[in-house]
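Novice: A predicted structure for the sequence below; I have some questions about it.
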Amino acid sequence: MRTRRFEWEGAVETAAALREWANEVAPAVDVGPIERAVRDEGDDAVLRLTSQFDAPGATLESLQVDPAEAGAALATIDPELREALETAVANVRQVAEAQLGSEREIRLPAGQKVTLREVPVGAAGIYAPGGRAAYPSSVLMCAIPAQVAGVERVALASPPGPDGRLNPLTLAAASLCGVEEVYAMGGAQAIFALAYGTATIEPVDVIAGPGNAWVREAKRAVYGQVGIDSLAGPSELMVIAGHDTDPEWAALDLCAQAEHGPESPLVLAAVECQVLDAIAEAAEAAAASRPSVAEAPLGLVRVSDVEAGIDLANAYAPEHLELLETDAALLAERVTTAGCVFVGRNGATAFGDYLAGSNHVLPTGGAGRYAGPLGPGVFRRRISNVELDEAAAGELAPHVDVLARAEGFPVHGESAMIRR
């Protein structure tokens, strides 16, 4: 790990310094040429680009995957793995269902009635990273909230491996979720194909799911053409450790997050210097013996007290925040910006990534200041129904007339006054 100590300069200033340091390794990405190619050439461009970036040397003849392949993959996976996936499906679905809003009717003083209701979008595109590895958990985390939201059409895109085929675990997860529209395509070209459509792919209304910098920038480019869940960047973890935190446990939590790659920032905060030293040393030792752990940046911050650590977390807005403190439950109530908070010594981020029931598609890069976890709300939109009887129209019309004329829209006022 690339470890660095940061001097305390105040919560906001220290958080900014941590972000600046972590972003030093962020790659420069230009998705414009890919967007133009997909819009101009459609399927041909997506097939060519997917072959170029995801499956070099493979001959790709079709973007769409036969649903029978997914069913066959599910039938052949290891029984223990299937049981784990089914447990994750049940937990994620239960939490997603609890987030559905109900219709609300508000009667206002003049007598008019405003009804707030929610309806699902028509089609959702979900992106699951893939290629050399498989992320069936991302299929579950995206597909289940969309289905719970009531979306009728869910289209999954995931990059094929070197052989030009999707990983069987990705297909098994799709089958388990009942997603039949699956495309073997990855990267920015997949996002553009879902947003704009091709001869094979009907465009969607919302795109959700994690991905690399190319996927993130493609989602930024299509926002407005479609809705998106968030601009998720490299995964990140902040740990606030107490005097009795087990260094080995905390070290493994940090190393687990570093498995996402060298761009995933890690932050460790503690009051005691010896706690920082012990966990940092354990993390270095654990990383050295585990090939899957990348050389991620680990920032060490000594805080004056636990409250300052919470202030730092709120300023930093980490994707994942672990509170390995004795009074973690009380401290968690003060956290306002983290994507997901893991409370207490048993709250490893890994549980949230897979089976806890919370969603692992979370705001990164400080976006927790204004965004939250992926849920059914991303795939639903609100509609307001307004009803005015004669009395309400008569009482409100003069006020509408005054405001409309003040804004230079006199006919707005006439439209209201004629109903008086």
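Specialist: Thanks, I have the structure now.
Novice: make it CA atoms for all contacts and neighbour counts henceforth
Specialist: Will do.
Novice: For stretch 304-316, which outside residues touch it?
Specialist: 10-12, 14-16, 19, 238, 240, 269-271, 303, 321, 331, 334-338, 366 (Cα atoms under 8 Å, 6 or more residues apart in numbering).
Novice: mind redoing it with 6 Å?
Specialist: Applying Cα atoms under 6 Å, 6 or more residues apart in numbering, the external contacts of stretch 304-316 come out as A11, V12, A15, V271, V303, T337.
Novice: farthest-separated two in the residues you listed?
Specialist: Farthest pair in the contacts of stretch 304-316 (Cα to Cα) is V271 and T337. Separation: 21.2 Å.
Novice: Whichever of the contacts of stretch 304-316 end up buried, select them in ChimeraX.
Specialist: Listed next is the ChimeraX selection for buried residues among the contacts of stretch 304-316, using 16 or more other Cα atoms under 10 Å:
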select :11,15,271,303,337
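Novice: and which of the contacts of stretch 304-316 is nearest S102?
Specialist: For the contacts of stretch 304-316, the nearest to S102 is T337 (25.7 Å; Cα to Cα).
Novice: Tell me the gap between the helix or strand hosting A17 and the middle of its chain.
Specialist: Secondary structure from DSSP states H and E places A17 in helix 11-22. Averaging C-alpha positions (Cα atoms, centre = their mean, to the nearest Å) puts helix 11-22 22 Å from its chain's average.
Novice: quick one, what contacts the residue most central in space within the chain?
Specialist: Among the residues of the chain, the one closest to the centroid is V361, at 2.9 Å (Cα atoms, centre = their mean). Contacts for V361 were tallied using Cα under 6 Å, 6+ apart; they are P373, L374.
Novice: could you redo the last one with a cut-off of 7 Å?
Specialist: G209, P210, P373, L374 (Cα atoms under 7 Å, 6 or more residues apart in numbering).
Novice: From what I see, the second one and S230 are in contact.
Specialist: If I follow you right, that is P210. No - judged on Cα atoms under 7 Å, P210 makes no contact with S230 at a distance of 8.8 Å.
Novice: Grab the nearest non-local neighbour of I228.
Specialist: I207 (4.9 Å; Cα to Cα, 6 or more residues apart in numbering).
Novice: which residues are in contact with the strand or helix carrying the one you found?
Specialist: Counting by DSSP H and E, the element that carries I207 is strand 206-208. For strand 206-208, the surrounding residues in contact (Cα under 7 Å, 6+ apart) are A123, A124, G125, I126, Y127, C142, V226, G227, I228, D229, F379.
Novice: And stretch 242-254, by the same measure?
Specialist: Contacts for stretch 242-254 (Cα under 7 Å, 6+ apart): L266, A270, E272, V275, A278, I279, A282, A283, L324, E325, A348, T349.
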